[in-house]
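Visitor: I would like to see how this sequence folds:
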Amino acid sequence: MNQIIKKSSGLLLVTLMALLIAGGSTSCKSKKKLAREQAAAEYAAKVEQSKTDLNAIVDGTTHWTLDEQDKRLEVIKSYNLDDQEVKDLIVKAESTISMKRAEMERKAEEENLRKAEEARKLAAQTRYAPIESQFDAVAYAKSVEEANRQIEMTLPMYATPDVPVLIIISREAGINDYDRPTTISMFLNYLKDKKRNIYKVETVKNDSQGKITELELIKK
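Guide: Residues are numbered from 1 along each chain as shown. As a prediction, this is how the structure comes out:
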């Protein structure tokens, strides 16, 4: 009887060990399967999110700055996703960012040029203010005699009374179209007769002694 009990106990122990081993093997396989499923799900989510972000960049619907778009693009590229749609979108996104950056740089350059031109005009206004003030003094003189005195006071600033005065009547693509040429003497007398001044100085040329040798005007 004791021998039978011993044999039964040994058989039970072997059976339990077999079950434990089998259970451990099944558990290991389940964990590996779960890990594969999780990895596949994460990969699929990464692909979909990448497509969403890339489409937003291409369509211009993202609120990211260009630098932020660049960074996001680099992150997506680092994934090395084996998805043709993602690969195609990466190419489009790179092109879109490149074009937007070029446009941004062009606008920045235009803005810099505009500011430089405004600064030039402001400097010119300050620089040419005395000349324009003399024109106003002649044009708005209270009498002909006063206007003549202002003309006499103004002419010594010029190399001769016949210094050319060029009046711009239109400008297109940087090319000026001028009215009929006149001289500083004739122009000052014109202001005296019209009793108003509608011109401002555009450019001035001077000789080595500082005398004005040419004057370019434009309507205010």
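Visitor: Checking my notes, residue 209 in a strand, right?
Guide: No - looking at residue 209 with DSSP: H, G, I helix; E, B strand; the rest coil, it is coil, so not inside a strand.
Visitor: count of residues packed around residue 175?
Guide: 7 (other CB atoms under 10 Å). Where C-beta positions appear, they are placed from N, C-alpha and C, glycine not excepted.
Visitor: just residue 135 next, same as before
Guide: For residue 135, using other CB under 10 Å, the count is 20.
Visitor: would you say it is within a helix?
Guide: Yes - assessed by three-state DSSP, residue 135 belongs to a helix.
Visitor: Tell me the confidence at it?
Guide: On pLDDT, residue 135 comes in at 97.
Visitor: Now do the SS call for residue 167.
Guide: Look at residue 167: counting by three-state DSSP, its state is strand.
Visitor: How about it, nearest residue that isn't a chain neighbour?
Guide: Excluding its sequence neighbours, the residue lying closest to residue 167 (CB to CB, 6 or more residues apart in numbering) is residue 179, at 4.2 Å.
Visitor: and the gap between that neighbour and residue 147?
Guide: For residue 179, the distance to residue 147 equals 22 Å [CB to CB, to the nearest Å].
Visitor: quick one: which of these two has more around it?
Guide: The neighbour comparison of residue 179 against residue 147 (other CB under 10 Å) goes to residue 147, with 21 against 13.
Visitor: Phi first, then psi, for the residue nearest to residue 167.
Guide: Dihedral pair for residue 179: phi -70, psi 180, per degrees, to the nearest 10.
Visitor: now residue 64
Guide: phi -70, psi 150.
Visitor: Would you mind measuring from the residue lying closest to it once chain neighbours are set aside to residue 45?
Guide: Among residues not flanking residue 64 along the chain, residue 72 sits closest, at 6.7 Å (CB to CB, 6+ apart). When distance is defined by CB to CB, residue 72 is 16 Å away from residue 45.
Visitor: so the residue nearest to residue 167 makes contact with residue 165?
Guide: No - using CB atoms under 8 Å, residue 179 is not in contact with residue 165; the gap is 9.5 Å.
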